[in-house]
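J.: any chance you could fold what I've pasted below:
(one chain, ligands or ions: 1)
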Amino acid sequence: MVNQKYLDKAETLIEALPYIQRFNRKIVVVKYGGSAMLDEELKANVIKDVVLLKLIGFKPIIVHGGGKEISRWVNKVGMEPRFINGLRVTDKDTMEIAEMVLAKVNKELVTLVESLGVQAVGISGKDGGLLQCHKKLSNGEDIGYVGDIEKVNPKVLQDLLERDFLPIVFPIGYDTNFDSYNINADDAACAIAEAVHAEKLVFLSDIEGVYKDKDDPNTLISELHVHEAEKLISEGYVGGGMIPKLQNCIDAIEEGVNRVHILDGRIPHSLLLEIFTNKGIGTAILREDGEKYYDEHE
Ligand SMILES: NC(=[NH2+])NCCC[C@H](N)C(=O)O
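T.: Numbers count the residues shown, from 1 in each chain. Model prediction:
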């Protein structure tokens, strides 16, 4: 008798087969942030997952933030991180630190990918004019060098993918005067996914997904159509930080991304579990005509 454990492993691989086929040569934008960036083991897992996607023929693009790491360095030089409505107040010095820290994090990620035998190129939104932006105001208030994306020029990413590199992007761009701006990484991932016509956009962060009842962890919604996501927002089911996240997902789908996934990056290999199983592990947001496989009652 063959050991059941081995059969289960084979079963897992077979379950992955249709997805390996369906997403072959397709662009998958992975927004990488949250705790999974700070914990070395989780970080190594995330990078391995993305490398695996690349090696089986997907075209992943990583977009990463580094908020916690920026705050750490701001503190280290004796400054106080300041936030207004969740946005970092970014004076010239803070901007300089943000750019240095994000570039450092970026090259660490490049190194990890390269060490696994895949060629990666780390760029910011300045490279190739990728992210053009303008100053963002917070309720009319000037909070410094915080940018809103105005235009994406995806050529540099398309060229890198064409040549089989794995692009790793950090969200700093400039305006028409070539002043640098710090951009929210979720917004950048979303705008990039739209511009490159990604098949998928995956948010890896510190939330398990979208809940029907935000106070009840048993109500994780596995799949949502865009109109249902809109309804959750308008009827007040989702709160706080989830609203802009969900809005980003809705926008991405309306701009042509096929599926958007919200996953908990703290769960090891959540990316693989989402993409290569039928049921997934987080919340998938689907186009109106996208086929649902599972709903929250499963
Ligand atoms: N949270 C979910 N229900 N995920 C379903 C994922 C299905 C499939 N693996 C995909 O990546 O499209």
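
J.: mind checking how far the residue of the stretch 101-250 of the chain found nearest the ligand is from residue 66?
T.: Across the stretch 101-250 of the chain, no residue is closer to the ligand than residue 222, which sits at 3.9 Å (Cβ to the nearest ligand atom). (Each C-beta comes from the backbone N, C-alpha and C, glycine too.) Remark: distance between residue 222 and residue 66 (Cβ to Cβ, to the nearest Å) = 30 Å.

J.: higher neighbour count, those two?
T.: Taking neighbours as other Cβ atoms under 10 Å, residue 222 and residue 66 compare with residue 66 leading, 24 against 19.

J.: close enough to count as contact, that one and residue 34?
T.: No - assessed by Cβ atoms under 8 Å, residue 66 is found out of contact with residue 34, at 10.7 Å.

J.: next one: phi and psi at residue 105?
T.: phi -60, psi -40 (degrees, to the nearest 10).

J.: please name the nearest non-neighbouring residue to it.
T.: Distances taken as Cβ to Cβ, 6 or more residues apart in numbering put residue 66 closest to residue 105, at 4.5 Å, once the chain neighbours are dropped.

J.: residues in contact with that neighbour?
T.: When contacts are counted by Cβ atoms under 8 Å, 6 or more residues apart in numbering, residue 66 touches 33, 37, 98, 101-102, 105, 170.

J.: now with 6 Å?
T.: Neighbouring residues of residue 66 by Cβ atoms under 6 Å, 6 or more residues apart in numbering: 101-102, 105.

J.: tell me the phi and psi of residue 64?
T.: Here is the backbone geometry of residue 64 (degrees, to the nearest 10): phi -120, psi 160.

J.: please begin residue numbering at 57 from this point
T.: Got it, first residue is 57 now, which makes that one residue 120.

J.: which strand residues sit across from it in the sheet?
T.: In this entry, residue 120 is beta-bridged to residue 88, by DSSP bridges.

J.: for stretch 214-222, list every residue counted as buried.
T.: 214, 216-217, 221-222 (16 or more other Cβ atoms under 10 Å).

J.: likewise for stretch 101-111?
T.: Residues of stretch 101-111 classed as buried: 101-110 (neighbour count, 16+ other Cβ under 10 Å).

J.: and the furthest pair within the residues you listed?
T.: 101 and 110 (15.1 Å; Cβ to Cβ).

J.: nearest spatial neighbour of whichever residue of the chain sits closest to the ligand, skipping sequence neighbours?
T.: Of all residues in the chain, residue 336 sits closest to the ligand, at 2.2 Å by Cβ to the nearest ligand atom. Spatial nearest neighbour of residue 336, excluding adjacent residues (Cβ to Cβ, 6+ apart): residue 330 at 4.4 Å.

J.: so what's the one you found up against?
T.: Residue 330 makes contact with 317, 319, 336-338, according to Cβ under 6 Å, 6+ apart.

J.: between which two of the residues you listed is the distance greatest?
T.: 317 and 337 (9.1 Å).

J.: can you dump the C-alpha atoms of the longest strand anywhere in the chain in PDB for me?
T.: Across the chain, the longest stretch assigned as strand under DSSP state E is strand 197-208. Written as PDB, here are the backbone C-alpha positions of strand 197-208 (Å, rounded to 0.1, in the frame of the first residue of the first chain):
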ATOM      1  CA  GLU A 197      -3.700  69.800   4.200                       C
ATOM      2  CA  ASP A 198      -0.200  69.700   2.800                       C
ATOM      3  CA  ILE A 199       1.600  66.800   4.400                       C
ATOM      4  CA  GLY A 200       4.800  67.000   2.300                       C
ATOM      5  CA  TYR A 201       6.200  64.600  -0.200                       C
ATOM      6  CA  VAL A 202       3.300  62.200  -0.400                       C
ATOM      7  CA  GLY A 203       2.400  61.400  -3.900                       C
ATOM      8  CA  ASP A 204      -0.800  60.400  -5.800                       C
ATOM      9  CA  ILE A 205      -0.100  58.500  -9.000                       C
ATOM     10  CA  GLU A 206      -1.000  60.400 -12.100                       C
ATOM     11  CA  LYS A 207       0.300  58.200 -14.800                       C
ATOM     12  CA  VAL A 208       2.000  54.800 -15.100                       C
END
